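K.L.:
Predicted model follows, preceded by the sequence.
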Amino acid sequence: MSRRPVCLALAVALAAASCAPRIVAPEFSVESAGPYQLASGDRLRIIVFGQDNLSNVYAVDGSGRISMPLIGAVDANGRTTAQLERAIEARLRSGYLREPRVSVEVDAYRPFFVLGEVTNSGQFPFVNGMTVQTAVAIAGGFTPRGQRNFAEVTRLMDGQLVTATVPITYAVRPGDTIVIKERWF
């Protein structure tokens, strides 16, 4: 019996398997269900009740901080809005206000990015409830060669960039980079 047909069949099977999308890593999908964590590029509406001079829209800078009058720089990176509220209240309570009440909400999320086989790749403003498919629609749709069943999503998790192949219905988070690969057929 000749080895040639067996080797050819094995090569075809390996090539077909390499085209199949990888399964999303469990830690990648769990992270998307957690509370939203602030990062550079987010714009926050901060209201200090009874203090109109302190209430404003603040941008989270490149070092992950916001800068407010009286209290200066406050770390926002990796915190939820509730955690940031408590941190601002604590700073205001230490010598500036007796009983500060602070409200923090996200005014504008950091952008997401779409690359690869889309009509207009680039940076786009995030919209709540977005999936890979709606992100591609915002980027002008697929090119004729674009892979329409899955995409690669890169996300910053615990200080590390993690990339996974996900279905087109996967939820996108602010700051994600989506790459639409070229399909072969």
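P.N.:
That came in fine, so what should we check first? Residues are numbered from 1 along each chain as shown.

K.L.:
Please count neighbours and contacts with C-alpha atoms only from this point.
P.N.:
Noted.

K.L.:
OK, contacts around P125?
P.N.:
Taking Cα atoms under 8 Å, 6 or more residues apart in numbering, we find P125 in contact with 109-112.

K.L.:
so V102 sits right up against A87, yeah?
P.N.:
No. Counting by Cα atoms under 8 Å, V102 sits too far from A87 to count as a contact (9.6 Å).

K.L.:
Tell me which of those two has more neighbours.
P.N.:
A count of neighbours by other Cα atoms under 10 Å puts V102 above the other of V102 and A87, at 21 against 17.

K.L.:
how much space is there between the more buried one and L44?
P.N.:
For V102, the distance to L44 equals 12 Å [Cα to Cα, to the nearest Å].

K.L.:
ok so, going back, which of the contacts of P125 has the largest number of neighbours?
P.N.:
Most surrounded of the contacts of P125: other Cα under 10 Å gives R110, at 22 neighbours.

K.L.:
Could you list the low-pLDDT ranges of this protein?
P.N.:
For the chain, residues meeting the criterion pLDDT under 70 lie at 1-33, 185.

K.L.:
And the helices in it, which stretches?
P.N.:
3-19, 26-33, 81-93, 132-138 (DSSP state H).

K.L.:
Overlap of the contact sets of V102 and L44?
P.N.:
With Cα under 8 Å, 6+ apart as the test, V102 and L44 reach no residue in common.

K.L.:
Surely V106 is in contact with A39?
P.N.:
No. Assessed by Cα under 8 Å, V106 is found out of contact with A39, at 11.0 Å.
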